[in-house]
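Novice: please find the sequence and the predicted model below.
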Amino acid sequence: MCMPTTKKPTTISSSVGEASSSTSSILANNAYNSSTRPTNEETKHIKAVTSTHSDHVRTTKYDMLWFMGPALICYIMKTPILPIYAIGIARILSTRLTLTFHYLLCDKDNYLNKLPAKQLAREGDDYLVGTILHMYAQIPLQLLFPGMFFSDPSVIGVSAQRTFVAHVLLVEPLYYAAHRWLHIPENMKSMHGFHHLSISTLPTTSLVQNFHEHFVYIAVFGPAFLAPFFLFWEMHWVVIGAYLVLFDLINAYGHMNIKYRHPIFTSKYSPFQYLFYTPEFHLGHHAFFRANYGLFMPIWDHIFGTWRTYQKTDTDNLLPAEQQDFVFIGHNAGLAHFLTCPEWNVYAAYGPFQTFKYLPYQVEFLFCNMVAAVIRLVMSAYTCSRYMINDKLIGRVICICRTPIDYINPKRYGTVNKDIVKLIASQHKAYGTKCFGLGNLNKMKQLNDGGQLISDMVKADPYLKDKDVRVWTGDTMTAASVYHQLIDLPEFDTLESIFFVGANGKIGNAVCKHLLTTKPNLKIRIYSLSHTLDHPNVSYTSDLAELLNHKLVVLGKQLAPRKYNKALAPTRYASAKKGELTPYKCRLILDYTVPYTPIDLTGHPTISHRQIAVLETSPNSSNFLKGHFDIGFGLEQHQIYPCHAGCIINTVYDRKTDEVGEICVNDMMTMWKRGLELGLRNKPLK
């Protein structure tokens, strides 16, 4: 159904940009207000620090070997392995659980607190380094002072009390002094500046340090259990482990990007203002750099005059929690999709889906099917993070608890469609939401005729039929994106022909029709047994190997890898040296299938396989989208699939009709123009 003429939305203002480690961005960070903004004098030293660490990259492929290293050393040195791994694993689990609950309770709906992907990658590489390093440090201590770890269990209670006293009397003042020492410019540049690259923080930012700085903290925190041991010659590894886990949790609490202002911690008459900190106390340290040096007890900053009030204000400007103007309905796409959920690992939320080379798809899909079956016992859909649209609307991604097998097995199609309509009804009842987009397989032709059946079911539903609910696929924007990605290729006008896989799908069909109109001399060779396009320039083949006869190949349908392997096998390792001709013409394969799966091009160095139909929106150029609209899609930060973006555009322009079934070719250019006006662009091909 073609769209009616709609008024243009209000103009979009420019954005300040995401937080980074430069002075200007620190001053522009949305967490600051006029009363807490650091002065230029207070931040002038930052420039001398950030360049040292900002390009840091750590190799992580040997991390599992480093984690297993203590086991080998303990075996050789004949010292117990249990305390080392019990403490290490407990710390890792508590850290991951803290991240999960922080995302669920704090970050999930806070679209104004979006950490840069560069920060997430850096912290994800480093946040467990200290824990593993401490496992190695424990080995010589067990060998030199076995009584520190293996005293009689009856001393656990009294040792815990002594450790608490040692922490208050020794660790807190030591940390304050060491922290101020680390802020000497030379030490900031060589060590502590790495931690301060994070302006907005996560709980695990507390564990992200320069490698050498970890040894400073071993010396500072060690007296908590070393001092009681040397005084009384008794201690137990359970106490040490509990101290380290509790320390990690309290330290993580101080790096949570939240505000907690109970009078018991904020009143100047309350002793707790001096004895225990709040997240805003330490966030103030990350904001001001030269204030709030204390560990968990602000009393030392009060004593030495470095205490300073800081108030986090970004959450004061969030739109109401009950507002929800648009819902994009997704589903699970396999095991790799599970692993990108920020609830599981916020550090894996961006980037391509992981591939499991030695795990058959059948096994992966069966496992996901079993997990989803268990989840459906308690919920039919899962609510993902929300985001802001055009500074006034709220969008959200909600996934029905369905996995690839549900879209492979036709017997389940009816249940899947019912789940979609049930979700639409529940969201309208709860939030009054009227605008819904269908993601990926939820609009599959075999499932519901490209969303047409969902539209019909909504109109026939006793509750929804008079609620002005609109259902969109966003495929018009996808077709426009693919079309412009093709015609924007430098030499596209010189091509005589292209090879198209998936041209019979509604997106491929619309793209081909528009190409035949605007490029009348272009010939299109389609891989398909069905002939749906009747045009003199269109021909069909059932031989996939013919793709090698065309410089440009477009993929709009996923095929089994073995089919590509068979098609490419005859020309693998054919001559491809400079100045020599290859026995094939193919040079570029453009792929808009979701999820994007790389083709094995071993032996074909002159052929490139690239993903297309991915849009970019930069916060530096547009305020169109804010928040986590891009998490868990297998894309990089600030990227969005055109179908998702198309549904959002329909929301902004208040489209009154459904967008289901076949694509209206006349709407493609209109949608593309609107996308450009809102700051969307095709991801450049590298």
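Specialist: Good, I have the coordinates. Residues are numbered from 1 along each chain as shown.
Novice: now the residue nearest to residue 145 when sequence neighbours are not counted: how far from residue 287?
Specialist: Take residue 145 and drop its neighbours on the chain: the residue closest to it by Cβ to Cβ, 6 or more residues apart in numbering is residue 229, 6.7 Å away. No exception for glycine: its C-beta is placed from N, CA and C like everyone else's. From residue 229 across to residue 287, the span is 38 Å (Cβ to Cβ, to the nearest Å).
Novice: again with residue 295
Specialist: Remark: distance between residue 295 and residue 287 (Cβ to Cβ) = 18 Å.
Novice: where in the stretch 51-200 of the chain is pLDDT low?
Specialist: Residues of the stretch 51-200 of the chain that meet the criterion pLDDT under 70 lie in 51-57.
Novice: now do the contacts for residue 568.
Specialist: By Cβ atoms under 8 Å, 6 or more residues apart in numbering, the residues touching residue 568 are 545, 548, 599-601, 603-604.
Novice: pretty sure residue 540 is in a strand, no?
Specialist: Yes. Checked against DSSP: H, G, I helix; E, B strand; the rest coil, residue 540 lies within a strand.
Novice: what residues are bridge-paired with it?
Specialist: residue 526 (DSSP bridges).
Novice: that one against residue 526, yeah?
Specialist: Yes. Look at residue 540 against residue 526 with Cβ atoms under 8 Å: they come within range, at 5.1 Å.
Novice: these two: who's more crowded?
Specialist: Using other Cβ atoms under 10 Å as the criterion, residue 540 and residue 526 rank with residue 526 on top: 23 against 16.
Novice: just confirm that one contacts residue 500, I think it does.
Specialist: Yes. Under the criterion of Cβ under 8 Å, residue 526 makes contact with residue 500 at 5.0 Å.
Novice: list residues touching both of the two?
Specialist: residue 512.
Novice: from residue 634, how far out is the residue most central in space within the chain?
Specialist: The C-alpha lying nearest the average C-alpha coordinate of the chain belongs to residue 349 (Cα atoms, centre = their mean; 2.3 Å). Distance, residue 349 to residue 634, by Cβ to Cβ: 10 Å.
Novice: anything in contact with each of these two?
Specialist: With Cβ under 8 Å, 6+ apart as the test, residue 349 and residue 634 both reach residue 340.
Novice: biggest helix in the chain by residues?
Specialist: Looking across the chain with DSSP state H, the single longest helix is helix 82-102.
Novice: what residues does that helix touch?
Specialist: So helix 82-102 is contacted by 67, 70-71, 74, 127-128, 131-132, 134-135, 138-139, 142, 149, 202-204, 207, 237, 240-241, 244-245, 248-249, 252, 256, 343-346 (Cβ under 8 Å, 6+ apart).
Novice: still on that earlier bit, the residue nearest to residue 145 is in contact with residue 235, isn't it?
Specialist: Yes. Contact between residue 229 and residue 235 holds when scored by Cβ under 8 Å: they sit 4.3 Å apart.
Novice: which neighbours do these two have in common?
Specialist: 147-148.
Novice: and the next element down the chain from the longest helix of the chain?
Specialist: Per DSSP states H and E, the first helix or strand lying C-terminal to helix 82-102 is helix 117-126.
Novice: which single one of the contacts of residue 568 is nearest to residue 321?
Specialist: Nearest to residue 321 among the contacts of residue 568: residue 599, at 44.3 Å, using Cβ to Cβ.
Novice: from residue 298, how far off is residue 313?
Specialist: 20 Å.
Novice: ranges for the helices of the stretch 351-500 of the chain?
Specialist: Secondary structure of the stretch 351-500 of the chain (DSSP state H, counting those that start in this stretch): helices at 361-375, 404-408, 413-431, 445-448, 452-460, 475-487.
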